[in-house]
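> Sequence first, then the predicted structure:
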Amino acid sequence: MSSYSLRGLNWFNALSAGAQAVEGLPASLKVADGSLGDQPVRFIAVVADPENRFVRARNGEVGLLEGWGLAKAVDEVIAADQNKARKRALIAIVDVPSQAYGRREEALGIHQALAAAAGSYARARLAGHAVIGLLVGKAMSGAFLAHGYQANRLIALRDPGVMVHAMGKASAARVTLRSVEELEALAASVPPMAYDIDSYASLGLLWETLSVEQIEQPTAADLARVTGCLSQAMGDIAEKGADLSGRLGAANRAASSKVRQLLRAQW
């Protein structure tokens, strides 16, 4: 059994069956142009590459090659569809354990690579492309910020292996000078500290959560359920626009909404 997750790859293969693969990108990026119903889409996933020249990015992490590659894959769509009446939607399939931590990554500017990816997704969203993040595994730290977090709509599959956080438990324990057990106890009463998808949903950031039968290798029924939800999300974006205001509706975001109201009043 491999030491890395295959969820992102398996969901990419299922969703992009029959789509046209996009060449010229790192092996750790899977990109294909296809359609969902009558809507043209580009599917994008970061996957493990055991042969990655950067050893810190061999298990699905988002590193230098992945950051710049994501930016290229998204920028191509923005440029190609600039004058088209119907622009491709971007489906970011998210299964990323972390950004790549390493001396080479720091020296060569991983902050710029990941910022380029996030910036490209944001530009696509503002240019009229529906951007949807589909969380099928881990969505951790800077990797999620670079790949998926700029989406108009975030959809998460219900499973203990689907989790969102700024850092892994062991790292968070070291930074906060607590044990993992203490962190887990704290997370029970502080949703932003938790890793489970229900706690994340309570922050208002998810548009939908879905249950599937086989999250590791989707069944035909799983695929139909997810593609149906993706199509609904694209319709919702077309109806309500490209901003991210829908993320502030949850009770646990009331203070964030209030701060924004006060800033607008005083600005």
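Nice, thanks for sending it over. Because the structure is predicted, anything quoted here is derived from the model rather than measured.
> Could you grab the helix/strand/coil label for the closest residue to Leu29 other than its chain neighbours?
Across the structure, with CB to CB, 6 or more residues apart in numbering as the measure, the residue nearest Leu29 apart from its sequence neighbours is Gly69 (4.6 Å). The C-beta positions use only the backbone N, C-alpha and C, and glycine is treated the same way. Three-state assignment for Gly69 (DSSP: H, G, I helix; E, B strand; the rest coil): helix.
> Gly69 and Phe12: what is the separation?
Relative to Phe12, Gly69 is positioned 14 Å away (criterion: CB to CB, to the nearest Å).
> you'd agree Asp75 is up against Ser120?
Yes - in terms of CB atoms under 8 Å, Asp75 counts as a neighbour of Ser120; the distance is 5.2 Å.
> Can you list the buried residues in whichever strand or helix holds Ala79?
Following DSSP states H and E, the helix or strand that holds Ala79 is helix 64-80. For helix 64-80, the buried set under the neighbour-count rule, 16 or more other CB atoms under 10 Å, comprises 64-78.
> Stretch 247-265 now?
Within stretch 247-265, judged by 16+ other CB under 10 Å, the buried ones are 247-248, 250, 253.
> Over to stretch 14-28?
14-16, 19, 22, 25-26, 28.
> Would you check which pair of those lies furthest apart?
Looking at these by CB to CB, the two members farthest from one another are Ala14 and Pro26, with 21.6 Å of separation.
> what mean pLDDT does the helix or strand that contains His111 have?
Using DSSP H and E, His111 sits in helix 110-126. Averaging the model's pLDDT scores along helix 110-126 yields 97.
> Show me the contact partners of it.
Under the contact criterion CB atoms under 8 Å, 6 or more residues apart in numbering, helix 110-126 has outside partners 62-64, 66-68, 70-71, 74-75, 77-78, 90, 92, 99-100, 131, 142-143, 145-152, 242.
> One more pass at 7 Å, please.
Under the criterion CB atoms under 7 Å, 6 or more residues apart in numbering, residues 62-64, 67-68, 70-71, 74-75, 77-78, 90, 99-100, 131, 142, 145-147, 150, 152, 242 lie in contact with helix 110-126.
> what angle separates the next helix-or-strand element following it from helix 64-80?
Once the chain leaves helix 110-126, the next helix or strand it forms, by DSSP H and E, is strand 131-140. Put simply, strand 131-140 runs at 170 degrees to helix 64-80, going by axes from the mean of the first three to the mean of the last three CA atoms, to 10 degrees.
> Report all helices and strands that strand 131-140 contacts.
For strand 131-140, the helices and strands in contact under the criterion 3 or more CB pairs under 7 Å, 6 or more residues apart in numbering; DSSP states H and E are helix 7-15, strand 89-96, helix 110-126, strand 153-157, strand 163-165.
> If we use 8 Å, what do you get?
Applying 3 or more CB pairs under 8 Å, 6 or more residues apart in numbering; DSSP states H and E, one finds that strand 131-140 contacts helix 7-15, strand 89-96, helix 110-126, strand 153-157, strand 163-165, helix 220-240.
> where's the nearest residue to Leu65 once chain neighbours are set aside relative to Pro192, distance?
The shortest distance from Leu65 to any residue other than its chain neighbours is 4.2 Å, reached at Pro26 (CB to CB, 6+ apart). According to CB to CB, Pro26 stands 33 Å off from Pro192.
> Same check on Gln82?
Here the criterion is CB to CB. By it, Gln82 lies 38 Å from Pro192.
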